[in-house]
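**Student:** here you go, sequence then predicted model.
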Amino acid sequence: MDKAIKEIIIPFLRNEKFKGSYPHFRREKNGQLNLLTLQFSLYSPQFVVEISNCPVNGMTTSYGKELKPAQCRSHYMNWENRLRVGSLKSGTDFWYDFDKQPIFSNVFDKRAKEVLKNWEEAENWWNDNPYLQNGKNNS
């Protein structure tokens, strides 16, 4: 799965102007940072693409640590301020499962390409859900 992510998803992210290194990426767009993290399950052959927004100048974690933009991660955000890409389309907490393999198919490439098929969901969410702190838009 790592190979498919590095060959399919990461070049796509670079083309979309994301910076950072695997598994954490960020880009500045519309006055905020769009954050994206790829995370593998500890218990099954699955991964999730989690996204969120934060201020372009960085953020303060819930435990008070000041982070520069390059240190910001989706998992530092509250649950209500992030999305797992594919969840809106599927109506559930969405994970990309790469366990079940048809004999004549590369499930790894298929799952990586599925992330790209769900990309519009991510872009719409980033645009419609600006970073909020204390109920105010700080972007």
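**Tutor:** Alright, I've got the coordinates.
**Student:** so how far is Asn57 from Val85?
**Tutor:** 25 Å (CB to CB, to the nearest Å). Every C-beta, even on glycine, is put in place using the N, C-alpha and C of the backbone.
**Student:** these two: who's more crowded?
**Tutor:** Val85 (23 against 11; other CB atoms under 10 Å).
**Student:** just give the closest residue to that one, not the sequence neighbours.
**Tutor:** Nearest residue to Val85 in three dimensions, chain neighbours excluded: Val49, at 4.1 Å (CB to CB, 6 or more residues apart in numbering).
**Student:** unless I misread the structure, the one you found falls within a strand.
**Tutor:** Yes. Counting by DSSP: H, G, I helix; E, B strand; the rest coil, Val49 falls inside a strand.
**Student:** which ones are touching it?
**Tutor:** Neighbouring residues of Val49 by CB atoms under 8 Å, 6 or more residues apart in numbering: Leu36, Thr37, Leu38, Arg84, Val85, Gly86, Tyr96, Val115, Asn118, Ala122.
**Student:** any idea how far Pro23 is from it?
**Tutor:** 10 Å.
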